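*Asks:* show me how the following folds:
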Amino acid sequence: MRNIRWTTGRAVPSVVLVISTLAAGLVFGLGLIVAIGAQNAFVLRQGLRREHVAIVVAICALSDVLLICLGAAGVGAVVASNRTLLTVVTLAGVAVLLWYGASAARRALRPQALVTQDGAAPAAPASKVALTALALTWLNPHVYLDTVVLLGSVSASYARPWAFAAGAAIGSVVWFSAVGFGARLLRPVFARPTAWRVFDVGVAVVMVVIATSLLLGLRGAH
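*Replies:* The predicted structure follows:
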């Protein structure tokens with residue numbers, strides 16, 4: 001990623017430089033986060049069920065913002081150079097991904113439709129939902145690799161790295177808010193048990209694939 005400067009010898013106006021860097025960070029951040037993964041699947045599921053959506057969105061978005069700031073501050077280089085730390089984080093992430101995949105597989109065996117509030121099953125406690133969101137965020141190696149290492153490295157190539165990081169942070173907040181609070185638009189589709197079965201099967205497969213790729217990558221690094 002090349003630095004953003006004019007080649008005519010004239011200095012780039014500060015406001016223009018900040019805005020262009022902010023936009024680059026926004027696009028880059030969305031490019032990393034808009035993908036099927038454990039975190040996004042969990043946010044989508046909670047949004048569909050309308051269970052503690054604000055808590056989940058807040059945890060995921062604020063965690064991303066913090067990790068992005070750490071990456072822009074140069075922590076990514078330290079993490080990337082510590083093989084032991086990366087190994088521990090990767091193994092913990094694999095365990096979480098397999099656990100979430102197994103949970104999705106169990107749900108797929110006994111799918112439930114979205115029903116009205118009068119007949120709905122009791123919602124999971126807010127504490128349990130919050131802990132799950134924290135685990136899927138902070139024990140996910142991809143989160144560190146994307147936000148702390150990769151995004152941190154790219155932001156360092158800009159004249160205003162903090163603007164790049166701010167753009168990426170805005171992208172995370174917008175994305176998680178859209179997925180969590182916008183999921184209600186899909187509720188008619190998930191009014192049928194079959195839709196939930198397909199969704200949970202897909203989540204289970206993706207989680208196993210990601211976990212396997214992490215293990216293979218860890219093995220290749222040694």
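*Asks:* lowest confidence element among the helices and strands of this protein?
*Replies:* Taking mean pLDDT, DSSP states H and E as the measure, the chain has helix 75-81 as its least confident helix or strand, at a mean of 68.
*Asks:* after that one, which helix or strand is next?
*Replies:* helix 83-109 (DSSP states H and E).
*Asks:* could you name the helices and strands sitting against that next one?
*Replies:* helix 38-49, helix 75-81, helix 126-138, helix 141-143, helix 193-221 (3 or more CB pairs under 8 Å, 6 or more residues apart in numbering; DSSP states H and E). Glycine gets a C-beta too; all of them are placed from N, C-alpha and C.
*Asks:* could you rerun that using 7 Å?
*Replies:* If you count contacts as 3 or more CB pairs under 7 Å, 6 or more residues apart in numbering; DSSP states H and E, helix 83-109 packs onto helix 126-138, helix 141-143, helix 193-221.
*Asks:* tell me which of those is the most buried.
*Replies:* helix 141-143 (a mean of 22; mean count of other CB atoms under 10 Å).
*Asks:* next, the residues that contact that one from outside, please.
*Replies:* 37, 67, 89-90, 93, 137, 214 (CB atoms under 7 Å, 6 or more residues apart in numbering).
*Asks:* again, only this time at 6 Å
*Replies:* 89-90, 93, 137, 214 (CB atoms under 6 Å, 6 or more residues apart in numbering).
*Asks:* report the contact partners of G47.
*Replies:* 53, 180, 183.
*Asks:* of the contacts of helix 141-143, which is the nearest to G29?
*Replies:* For the contacts of helix 141-143, the residue nearest G29 by CB to CB is T137; the value is 15.2 Å.
*Asks:* gap between the residue nearest to the closest one when sequence neighbours are not counted and L134?
*Replies:* Nearest residue to T137 in three dimensions, chain neighbours excluded: S63, at 4.6 Å (CB to CB, 6 or more residues apart in numbering). Going from S63 to L134 by CB to CB, to the nearest Å gives 8 Å.
*Asks:* low-confidence stretches in the chain?
*Replies:* Within the chain, the stretches with pLDDT under 70 are 1-13, 35-36, 76-77, 79-80, 111-122, 220-222.
*Asks:* from I55, how far out is the residue lying closest to T87 once chain neighbours are set aside?
*Replies:* Closest residue in space to T87, ignoring its immediate chain neighbours: L218 at 6.4 Å, by CB to CB, 6+ apart. L218 is 32 Å from I55, where distance means CB to CB.
*Asks:* same check, this time on L48
*Replies:* 15 Å.
*Asks:* kindly report the same for A135.
*Replies:* Using CB to CB, A135 is found at 14 Å from I55.
*Asks:* same question, F199
*Replies:* Distance of F199 to I55, given as CB to CB: 21 Å.
*Asks:* so what's L151 closest to, chain neighbours aside?
*Replies:* Excluding its sequence neighbours, the residue lying closest to L151 (CB to CB, 6+ apart) is G71, at 5.0 Å.
*Asks:* so how many other residues sit close to that neighbour?
*Replies:* G71: 27 surrounding residues under other CB atoms under 10 Å.
*Asks:* using the three-state scheme, assign it.
*Replies:* State at G71, reduced to three classes by DSSP: H, G, I helix; E, B strand; the rest coil: helix.
*Asks:* what residues are up against it?
*Replies:* 147-148, 151-152.
*Asks:* give me that answer again for 7 Å
*Replies:* 147-149, 151-152, 155.
*Asks:* name the SS class of A123, please.
*Replies:* Note that with three-state DSSP, the state of A123 is coil.
*Asks:* many thanks, have a good one.
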